[in-house]
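Student: Here is a sequence together with a model predicted from it:
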Amino acid sequence: MTIPPQPDPAGPEPVHLHVCVTCRRGLPASDNPQGRQLHDALLALAGTGTGVVVHEVSCLAACNDGCTAVVAAPGKWGWLLANLGPEKAEDLLTYIAAYAASRSGTVMPSRRPASLSDMVRGRFPASLFPGA
């Protein structure tokens, strides 16, 4: 499920968060994996009008570091984030607000919530995300 963006003609582009819903964080298989729980928590918290569009993806191939997500916006670096979980959903939205405010999409570790200090696994050039 994807929350459609609520564009503000005078506002910035939305930030897109692609959450792996199959991540299990090393736990046994279940009908409600940790990645799905993270996705659902983010949907509930982000709501509409926040400037965050939450997408689900089936696998980001970072299973040893699950739960994982990619944050991207047009004209900014995209980031592969790991070691997430539903308990970090609020902190992740705090990080996304800092990401949105950053001109390049770079959020220094000192500006991230402490629970997300070890989350960055890689970054991608803005050219890969023309429409995020």
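Tutor: Sure thing, it's come through.
Student: does residue 119 really touch residue 84, like I thought?
Tutor: Yes: at 6.5 Å, residue 119 and residue 84 qualify as touching, with contact defined as CB atoms under 8 Å. Backbone N, C-alpha and C define where each C-beta goes, glycine included.
Student: Those two - which one has more neighbours?
Tutor: Ranked by neighbour count (other CB atoms under 10 Å), residue 119 and residue 84 place residue 84 first, with 26 against 23.
Student: residue closest to the middle of this protein?
Tutor: Nearest residue to the geometric centre of the chain (CA atoms, centre = their mean): residue 17, 3.7 Å.
Student: quick one: residue 94 and residue 113 touch, right?
Tutor: Yes: in this structure, residue 94 is within contact of residue 113 by CB under 8 Å, at 5.3 Å.
Student: got a list of what residue 34 touches?
Tutor: Counting by CB atoms under 8 Å, 6 or more residues apart in numbering, residue 34 makes contact with 23-25, 27, 66-67, 85-86.
Student: okay, those residues in JSON lines with pLDDT next?
Tutor: Shown next, in JSON lines, are the contacts of residue 34 (pLDDT from 0 to 100):
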{"residue": "23", "pLDDT": "85"}
{"residue": "24", "pLDDT": "79"}
{"residue": "25", "pLDDT": "70"}
{"residue": "27", "pLDDT": "69"}
{"residue": "66", "pLDDT": "79"}
{"residue": "67", "pLDDT": "91"}
{"residue": "85", "pLDDT": "91"}
{"residue": "86", "pLDDT": "93"}
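Student: buried subset of those?
Tutor: Among these, those scoring as buried are 23-25, 66-67, 85-86 (criterion: 16 or more other CB atoms under 10 Å).
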